[in-house]
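Asker: let's see this in three dimensions:
(4 chains, ligands or ions: 4)
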Amino acid sequence: MLRYILWRIAAMAPTLLIISALVFTIIELPPGDYFESYVAEIKAQGEGVDMEQIEALRKEYGFDQPPVLRYVYWLGGMLQGDFGYSFEYELPVSAVVGDRLWLTILVSFVTIIFTWLIAFPIGIYSATHQYSWGDYGLSLMGLIGIAIPNFMLALILMYFANIWFGISIGHLMDQKYLAEPMSWEKAKSILEHIWIPVIIVGAAGTAGMIRRLRANLLDELQKQYVVTARAKGLSPMRTLVKYPLRMALNFFISDIGSILPAIISGAEITAIVLSLETTGPMLIKALQSQDMYLAGSFLMFLAFLTVIGVLISDIALAILDPRIRLQGRSTK
Amino acid sequence: MTSGADLLRVEGLRITFSVLGGEVQAVNNANFRILPGKVTALVGESGSGKSAISQAVMGILPNVAKVGGKILFNDPTTAAKPIDLLSLEREGEEIRSLRGTRISKIFQEPMTSLSPLHTIGNQISEVLKIHTDAEKAERRARTEELLGYVGFANPKRAYDMYPFELSGGMRQRAMIAMALICRPALLIADEPTTALDVTVQAQILKLLRELQVKLNMAMLLITHDLGVVANMADEVVVIYHGQIVEAGPVEAIFRNPQHPYLKGLMAAVPHFDMKPGERLKALREVPVKAGTLLGTSAADRRTGPDVLLSVRNVSKTYGTRKSSWFGGGEDTLHRAVDDVSFDIRRGECLGLVGESGCGKTTVSKILMRAVTPDQGSVIFDNGEGSVDVLKVQGDDLKAMRSKIQMVFQDPVSSLSPRMTVKNILSEPLEIHGRGTGKSREETVRSLLQAVGLDQRFINRYPHSFSGGQRQRIGIARALALVPELLICDEPVSALDVSVQAQILNLLKDLQKELGLTCLFISHNLAVVDYMADRIAVMCAGRIVELAPREVLMRNPVHPYTKSLLAAVPYPDLDRPLDFELLKDSEGSDMRRWGPQFRDDDAGDALIPADLGGDHIVLARRSVDARELRP
Amino acid sequence: AAGEPAFWEKQIADGKLPPLAERLPKTPRVINVAAMGRQPGKYGGEVRMLIGSAKDIRLMTIYGYARLVGFDEALKIEADVLESFETVEDRIFTFHIREGHKWSDGTPLTSEDFRYCWDDVLNNEKLSPAGLPTALVMDGEAAKFEIIDERTVRYSWSTPNPDFLQKLAGAQPMVVVMPSTYLKQFHEKYQEEDKLKALMKEERVKKWSQLHMRMARSYRPENPDLPTLDPWRNTTPLPAEQFVFERNPYYHRVDENGLQLPYIDKFVLSVSSSALIPAKTGTGESDLQATGIDFVDYTFLKDSEKRYPAKVLLWKKTQGSRLALLPNLNCSDAVWRALLQDVRVRRALSLAIDRTEINKAVFYGLTKESADTVLPESPLFRPEFANAWVAHDPEQANALLDEAGLTKKDSDGIRILSDGRAAQIVVETAGESTLETDVLQLITDYWQKVGISLFIRTSQRDTFRSRAVGGEIIMSMWFGIDNGVPTASMNPGQLAPTADDQLQWPVWGLNYLSHGEMGQAPDLPAAVELTELLQRWRHSAEDAERTEIWSRMLSIYTDQVFSIGIVNASLQPILVAKKLRNVPDTALYGFDPTCYFGVYKPDTFWIEQEA
Amino acid sequence: MTSFLPAPGEPMPHYVSTAPFDPYSVEAMTDEQVRVNQASQLRLMWWKFRRHKLALASGVFLVVLYLMIVVCEFLAPYNLHTRNMDYIYAPPQAVHLFHEGKFVGPFVYGRTMTLDMDTLKRNYADDTNDVQPLRFFCRGDGYRFWGLFESNVHFVCPATGGEAFFLGTDRLGRDVLSRIIYGARISLTIGLLGITVSFVLGIVIGGLAGYHGGVFDLIVQRVIEVLQSIPSIPLWLSLAAIMPATWSPIFIYLAITIILGLLDWTGLARAVRSKLLALREEDYVLAAQLMGARSSRIIGRHLVPGFMSHLIATATISIPGMILGETALSFLGLGLRPPITSWGILLTEAKSVSVIAFYPWLLFPTIPVILVILAFNFLGDGLRDAADPYK
Ligand SMILES: Nc1ncnc2c1ncn2[C@@H]1O[C@H](COP(=O)(O)OP(=O)(O)OP(=O)(O)O)[C@@H](O)[C@H]1O
Ligand SMILES: Nc1ncnc2c1ncn2[C@@H]1O[C@H](COP(=O)(O)OP(=O)(O)OP(=O)(O)O)[C@@H](O)[C@H]1O
Ligand SMILES: [Mg+2]
Ligand SMILES: [Mg+2]
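Answerer: Numbering: from 1, shown residues only, chains lettered A, B, ... in the order given. Ligands and ions are numbered 1, 2, ... in the order given. Take a look at the predicted model:
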């Protein structure tokens, strides 16, 4: 097992390399570059720009060099912990990202926990009480959650949260706390605001999870080993959790790798609508304005999360199911 | 208080299963009782509702079942009135507090009854966790102790093994341990020893006996092995088609069988004194129109070299995990098959018997190329040129697959749970492109008939069959392609003697008419004796003795073979097993074998010694053949 | 002291700040608030505002509108930071600095600051790799810069340079003065190398020029330490989601009562996504909001008046046309190019549009149907410009198209081009709101009736320019001329091909911009004439002549329908908190030339504190 | 029947049943059993499916819906682009049957609009004197049915000269109901294409990787890792940027959906793979192998069915994602554009708070979305049960 884990970690390096090349290509793909979009934006506001100044900047940042070289520089920089430079903010990427990263991770984790806390009990309930009113009702709720597009849910929740509870529109906290250090008040304000994005982002995932958990459990509930467990006198709940649920978790665990990235990128639109201080809006903005190193570093960060997630998922899968762990050794 | 004297009293029990297109009446007005500390045996035809009854007692019938009647349980440890188990809430507190501790069950199919994700130790000790306050360490200790009792050579290692790493018999023993660990007042044993070789079986029976005496444990023993019944039961209930046809004390049943079904059953038992060519008397004889049934003429089968399959020096080692997972590479190795060589001759039936867990299934899987051996060769030659089974690829492999077929030891897990019987049986035909859709359905129906299954079952899924029915589906599937070599791994273990007779006769007929070659693995020595031309005896991964049937039965040389024969239970009240004596016999404990058979570290390797007349026994190189003769 | 803002009380008491009298220039600029028809105010308070991105802090530079010279409300140039200035023939410009005028850090503003900017920044190759700003170069001749004395500087050319003062007064002003005392520490000429290195490291830049550029940027005041002359100065460094601007203690304007402007102590700018700004504005989260909200939000904002103490004003936008279709005369499709260069086609397309319906459906009838030209508020306005080819006359349009040779039609009634294709025009739009696409859908129907089919394509704004230059765009929807209220002394460049972002003639514009190095010179007579008129304007020093040139150009531009204007004088909602005083009820709203609020002097806005 | 059992604790008598015994006897089959006996597996599943009423209803609903999108020109009272400048942002109109207590058949009241110049709000009031009976199978807006032949017959039209907007109108005075009906065309078709692509890929690739394991699995796993690492939004942005400008919006959308489908299989593939990694150790797989079955058969017939519930659940749950996928695209300015419409587009048009506050009827398109999603899910439930041998 240890050897397997070490081996898997080693295998991450080439994967990340390939990903970095892909990411770079994706960012390079759209025609034009940051300066082009910068000029466009400035001009859209009716202001003038000095094209020669822009040309000079372009040289400054090596945009006259072939992409391959820039890729190598970027990669080399990243290996040394230098994530490049944001043109838009004229700051190193690491300085730009700042707090946003932590807020993103906060929102994501709260969302994941929310999803699980809701989805697991409901999924289990739905499977064990198939076709009961509870099953229908909860499924209905979840499905409605995914049938309404995120941005609309965001608008609706935001609007009514404002009208009914007087919560300020959008953002992760009242804006007066933005620059302040963490305090009780600030935490309260975050708590007041965070539920909206969490519900919105979590809604789709929760419903999906409920339905899939239910389906997988329904398959397992009939198996003979469940009968054996019942015959031991195990209570229905404990039986369920120890045996069929563990079996049914297979799908869930195999997907762990993409949960965090999925939540982070699924939250992008919501984050834009709600104007959250997370990385989502910044990423989209960077992509749109082709602030490439900023976008690139974000994407690499997401990729890194994914790769780690897949690793965790593979290891967890092996822990979960001995048949997978001992594959190739036991039978063949 | 009179009623206090029955531990379990079943009155007017009715069980119906609703299936698509109607209902199946599995049990119809069954009445019987079990006295405390006594054994009631439930015997009957396969599919007659025995397992259903036991499930009803435990309250674990599937949702599609409807139950009627009364099951009164009178727990001797509590002074309360008898409880009607059927009136209890399905998953309620009350019934749960009985399950596992007061009433426990050994399931018929040990493989599927165990969760593949948990070690057997975990699953067994869980019972203790639910019902006792024992600490973790204590639970482990008690579990290991019991694993030792049920015949695990290395209980510590076994504790951490997963079910799929165990042989069929070992799983069954794990199942037994699970049922016994809380010392129940009533043990329901559904075919508890079918996967065990006779020595281990004897050991288990002895253990059950002891517990019965020591703890006043009563037992509902469901079995097809009338030998076991004769040795264990106090009262016998005979069930046929869901109806009890005869019941009474064991004496009465064995000495004075009355009902035609019971008489037929008694008659169908294979015994060692059968004359060559004598047929078993099945309750229902299904005439086999082999040629037409299976679509191939037997004539062209008879040609070709004498040896159909030749196995040379195959070995297979399994690495066993250390209990910690970060243990890296230093696994301990376990030799499941150790330098095994033998030939299977064209048209013969080679019997393979041996201790549970000695590697029989592994050998058979190697022949099928389901398991790759570490070394050795397997050559298959049916006259169309010899093929190396372990190397063949592509179309040749596919062609070979159609010629060698296998009946799996565990019938449940070898049937796709989401395919109907029709699909399962027609699948091999589809794969090899035999026939049209219509003709395939025809074949399926005749196969069903041949193995004695009702046509009505054609659209049912495997889980809705009884153990024996499933086993027959497996047999039918293996026969569908009319293979040249059929490997049967315990093909009849779950069948009552009458159906068993029917199946054995079928195989015999096929053998005769089609020249079917057979490798027949079984623990039931009488059955092997009836079927086999030659018999190989395996112990601890090696073939210790191989000889023609009569020779082996009359003149066994190897101590292990001898102890096997000594442990056979006879369906005869006058020939009870002598448990005391058995304890003293050598069995599979090599240390107690004579020095000529022992593989000491002396560097004096064991080799197969030819005693002449096809009789081979594994002995030391230095030992003279004559010394081996008794 | 009397007239001292409470905001500074503590600092003054601590001795960190000198008293008001010492902070003000000897002759502060006195704004007579009452004379403007407003109410002189009181100190204090904070105004919250929402911005769409951190870059929008530049709005404060525009709103603050402290320039060397600036426009008054009538768009006449007057001295502001400067005490006074003199011009000779629009060639020689002499600037007088106020005595005792100080930067926001208390260092004095002197001619050294002009010199530093001229010698060490504008003429430094590393800091200005692109050379001098165009407004400082006239026909290839750079300005002559002289220091007359400590408080007087002079810029001069041999020919008139009418752009010079305009540029200094612009919303995004040309920079000719910089806080030299502060900036010298970032200049290689004045700073020791290792200290410079240390500073570069601290700011994480690789070159000192980058360091200087970053620290000296005044238009987008990202550097809180940079001394400024504006009424408010930024106190929040990047990156941030909220920026606090506080009053400049050394600001040079006072009201008639001797109170130092600005009245308002603080501006708090919060960054929000642009989509949220209307919603947040409507829920009382902004005290003064113009950016990020549009006409379509009016109903919602108006509704919020019921709940929040705010009122919504409607100002008139200065654009020549709220929406205009720009036929790309340089598109690479030869057939379309020929057609679009044919004035009859452009006129026909314009005539086919039912502007009344658009006005009614989309703008509640509140805009004016007009060609893309100046607004009545401009002295250059003439009704015939506005009415050129705007009547809804499909018949004439059909006739014109027939005349242009598009006589054949296919079964759907769409005209057939000379090469056999159907006459389909793909109109591209940046489509940030549905307004563009809605109007385009209406136009689709109108054009259908004259046998032209229209397809809408929305694309990213940033690729527009390059694709237009590349000729890929046949027609686009954008807004009309930027400055709809020009005076004759403002550059009429927007009417002639002068820039590559003029989507009706990007290639010709590029040619002008690159001094003939790239693109192509216009060959269409009308466009050529516009270019020549522009040249004449640049060399004229006479107002009368300039007015005449403007008229001529406007006449050509509208008659030739170089851009198909739809409606103009559209309205911009402005949300103002009830407590905020002195915000004019009606006004012109635009970047150029009114600098949004700028010319209305937000430093005179004040907050009525409740008792 | 009486019990032969002795009283508790008493010795057991020897009981022998006297019922007649014939080992060959079989119970006669009921007609039902005969039918079941002869049916094919598909038919059996259909019988089981039929028992699930809600699933059946959902199935019927979906079939009707898909039939409807064929004839939406006929069903919609107006054309997709018909505008009425006098009825901008008109709220839904109620259909009445009785006028002043008299039955007049379905009709709507005429309406008058007043524009409040202060708030710039349009206020509509029913004019109860103006009864406008609805017409059925009537002539209205002309259209070209499937681009083939001209027609102007509609199922329902407003009274001649009148208007009837059952679900209100949008900012250009277009009938929301008609747009919803037209929108179904795109929403119910293109998105499903993406699902199909990703499902086929996911099952095939995941199946092969899980079943074969080894090097193939290793490579597939790395590819999945790479693909999963690229979030969809940047991809959309890049793809949209490089799609040729001359492609029509619907084609671009189709292309993007398919490309997304081509990239979206990873999650499913991983789930399939890990499940198969476990399932392939089952004996029945071995049995099939020993019969000589090819991998495709083993995966398709033995392994995937064991995983059907998960697949069905995943499919039904990804349908909303596909129907609404375009909303995210449109949000970034990349989605479908007029003149085409879909439910997603209709919804994105309601992307400001003022819509929720003033024109909530523009949110109506969520209702068909919800219904379709529910229907697909219940249908999925029914299919699952039909395929479940234990039911
Ligand atoms: N879930 C089910 N659905 C439908 N029929 C069932 C189901 N379970 C069992 N049956 C039927 O009920 C009958 C009795 O089955 P049961 O398992 O009790 O037999 P058994 O006596 O234990 O046989 P065996 O000795 O072969 O195990 C059989 O005909 C079987 O086909
Ligand atoms: N997958 C596996 N991993 C580790 N050990 C295994 C595995 N499969 C079998 N073994 C071991 O190999 C030995 C032989 O097993 P096999 O199944 O061949 O026994 P068997 O002779 O068929 O016994 P039985 O009669 O009980 O079925 C056993 O000790 C078993 O524990
Ligand atoms: Mg059974
Ligand atoms: Mg075995």
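Asker: give me phi/psi at residue 234?
Answerer: Let's take chain A. Dihedral angles phi and psi of A:Leu234 (degrees, to the nearest 10) take the values phi -70, psi 140.
Asker: um, chain B though
Answerer: Here the main-chain torsion angles of B:Asp234 (degrees, to the nearest 10) amount to phi -100, psi -40.
Asker: tell me the spacing between it and B:Pro36.
Answerer: As for B:Asp234, its distance to B:Pro36 is 11 Å (criterion: CB to CB, to the nearest Å). Backbone N, C-alpha and C define where each C-beta goes, glycine included.
Asker: in the stretch 251-400 of chain C, what residue comes closest to chain B?
Answerer: Closest approach of the stretch 251-400 of chain C to chain B (CB to the nearest CB) occurs at C:Ser273, with a separation of 47.4 Å.
Asker: quick one: residues contacting that residue.
Answerer: Remark: with contacts taken as CB atoms under 8 Å, 6 or more residues apart in numbering or on different chains, C:Ser273 is in contact with A:170, A:272-275, A:281, C:52.
Asker: make it 10 Å
Answerer: The contact partners of C:Ser273, taken as CB atoms under 10 Å, 6 or more residues apart in numbering or on different chains, are A:170-171, A:271-276, A:281, A:284-285, C:50, C:52-53, C:280, C:292.
Asker: hang on, the earlier thing: who touches both of B:Asp234 and B:Pro36?
Answerer: Contacts common to B:Asp234 and B:Pro36, judged by CB under 10 Å, 6+ apart, are B:Ala218.
Asker: I figured C:Ala352 was touching C:His392, is that so?
Answerer: Yes: look at C:Ala352 against C:His392 with CB atoms under 10 Å: they come within range, at 7.8 Å.
Asker: who's more crowded, those two?
Answerer: Each of C:Ala352 and C:His392 has its neighbours counted (other CB atoms under 10 Å in any protein chain shown); C:Ala352 has more, 26 against 17.
Asker: measure the more buried one to ligand 1 for me?
Answerer: Distance from C:Ala352 to ligand 1, counting by CB to the nearest ligand atom, to the nearest Å: 76 Å.
Asker: which residues touch that residue?
Answerer: Counting by CB under 10 Å, 6+ apart, C:Ala352 touches C:392-398, C:400-401, C:443, C:445-452, C:564.
Asker: same question, D:Leu347
Answerer: Under the criterion of CB under 10 Å, 6+ apart, the contact list for D:Leu347 reads A:148-149, A:151-152, D:183, D:323-324, D:326-327, D:330, D:362-366, D:369.
Asker: could you find the closest non-adjacent residue to the residue of the stretch 151-300 of chain D found nearest chain C?
Answerer: When distances are taken as CB to the nearest CB, the stretch 151-300 of chain D approaches chain C most closely through D:Leu172, which lies 5.8 Å from it. Nearest-residue entry for D:Leu172: D:Arg83, 4.9 Å, with adjacent residues in sequence omitted and distances by CB to CB, 6 or more residues apart in numbering or on different chains.
Asker: residues near that neighbour, how many?
Answerer: For D:Arg83, the count of nearby residues is 22 (other CB under 10 Å).
Asker: spit out the contact partners of it.
Answerer: C:357, C:361, C:438, C:441-442, C:445, D:169-175.
Asker: now that we have these, which of them are buried?
Answerer: Buried residues within those, defined by neighbour count using 16 or more other CB atoms under 10 Å in any protein chain shown: C:357, C:361, C:438, C:441-442, D:169-175.
Asker: helices of the stretch 1-150 of chain A, residue ranges please.
Answerer: With DSSP state H, counting those that start in this stretch applied, the stretch 1-150 of chain A shows helices at A:2-28, A:34-44, A:51-60, A:67-79, A:93-97, A:99-128, A:133-147, A:150-165, listed in chain order.
Asker: direction included, what does the host helix or strand of C:Ile574 pair up with?
Answerer: With the criterion set as DSSP states H and E, the secondary-structure element containing C:Ile574 is strand C:571-577. In the sheet, strand C:571-577 lines up against strand C:288-289 (antiparallel), strand C:310-317 (antiparallel) (DSSP bridges).
Asker: make a markdown table out of those strands and add mean pLDDT and mean neighbour count.
Answerer: Formatted as a markdown table, the strands paired with strand C:571-577 follow (pLDDT from 0 to 100; neighbours: other CB atoms under 10 Å in any protein chain shown):
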| stretch | mean pLDDT | mean neighbour count |
| --- | --- | --- |
| strand C:288-289 | 94 | 24 |
| strand C:310-317 | 92 | 20 |
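Asker: returning to what we had before: send me the strand holding C:Ile574 as CSV with only the CA atoms.
Answerer: C-alpha atoms of strand C:571-577 as CSV (Å, rounded to 0.1, in the frame of the first residue of the first chain):
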residue,chain,number,x,y,z
LEU,C,571,-31.3,59.3,-20.0
GLN,C,572,-28.9,58.2,-17.3
PRO,C,573,-30.4,57.5,-13.9
ILE,C,574,-28.5,59.0,-11.1
LEU,C,575,-29.2,57.8,-7.6
VAL,C,576,-28.7,60.4,-4.9
ALA,C,577,-29.2,59.9,-1.3
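Asker: contacts for the helix or strand that that strand is followed by?
Answerer: The C-terminal neighbour of strand C:571-577 among helices and strands, as given by DSSP H and E, is strand C:580-581. Taking CB under 10 Å, 6+ apart as the criterion, the residues outside strand C:580-581 that touch it are C:33, C:38-42, C:45, C:47, C:263-264, C:287-288, C:309-311, C:602, C:604-608.
Asker: does the closest residue to C:Met49 other than its chain neighbours count as helix, strand or coil?
Answerer: If the residues on either side of it in the chain are set aside, C:Met49 comes closest to C:Leu269, at 5.1 Å by CB to CB, 6+ apart. For C:Leu269, the secondary structure call by DSSP: H, G, I helix; E, B strand; the rest coil comes out as strand.
Asker: C:Leu269 contacts C:Phe243, correct?
Answerer: Yes: C:Leu269 is within contact range of C:Phe243, at 4.4 Å (criterion: CB under 10 Å).
Asker: now do the shared contacts for these two.
Answerer: With contacts defined as CB under 10 Å, 6+ apart, the residues adjacent to both C:Leu269 and C:Phe243 are C:49, C:51, C:54, C:56-57, C:60, C:234, C:236.
Asker: among those, name the ones in strands.
Answerer: Taking DSSP state E, the ones among those that sit in strands are C:49, C:51, C:234.
Asker: tell me how far the first one lies from C:Thr291.
Answerer: Put plainly, it is C:Met49. For C:Met49, the distance to C:Thr291 (CB to CB) stands at 8 Å.
Asker: nearest residue to the residue in the stretch 101-250 of chain B that ligand 2 sits nearest to other than its sequence neighbours?
Answerer: Checking the stretch 101-250 of chain B residue by residue against ligand 2 with CB to the nearest ligand atom singles out B:Gly169 as nearest, at 2.5 Å. The shortest distance from B:Gly169 to any residue that is not its chain neighbour, by CB to CB, 6+ apart, is 2.7 Å, and that residue is B:Ser356.
Asker: wait, is the one you found part of a strand?
Answerer: No: membership of B:Ser356 in a strand is not supported by three-state DSSP, which gives coil.
Asker: residue contacts, it?
Answerer: Contacts of B:Ser356 were listed using CB under 10 Å, 6+ apart, and they are B:151, B:166-173, B:193, B:195-201, B:523, B:588.
Asker: what's the pLDDT at the residue of the stretch 1-150 of chain A found nearest ligand 3?
Answerer: With distances taken as CB to the ion, the stretch 1-150 of chain A approaches ligand 3 most closely at A:Thr128, which sits 27.3 Å away. The predicted structure scores A:Thr128 at 88 on the pLDDT scale.
Asker: what number of residues lie near it?
Answerer: Around A:Thr128 sit 18 other residues, with neighbours defined as other CB under 10 Å.
Asker: I figured B:Gly22 hits B:Arg460, correct?
Answerer: No: using CB under 10 Å, B:Gly22 is not in contact with B:Arg460; the gap is 11.7 Å.
Asker: could you count how many residues lie near A:Leu6?
Answerer: Residues within reach of A:Leu6, counting by other CB under 10 Å, total 10.
Asker: how about C:Lys207?
Answerer: C:Lys207 is surrounded by 12 other residues when neighbours are defined as other CB under 10 Å.
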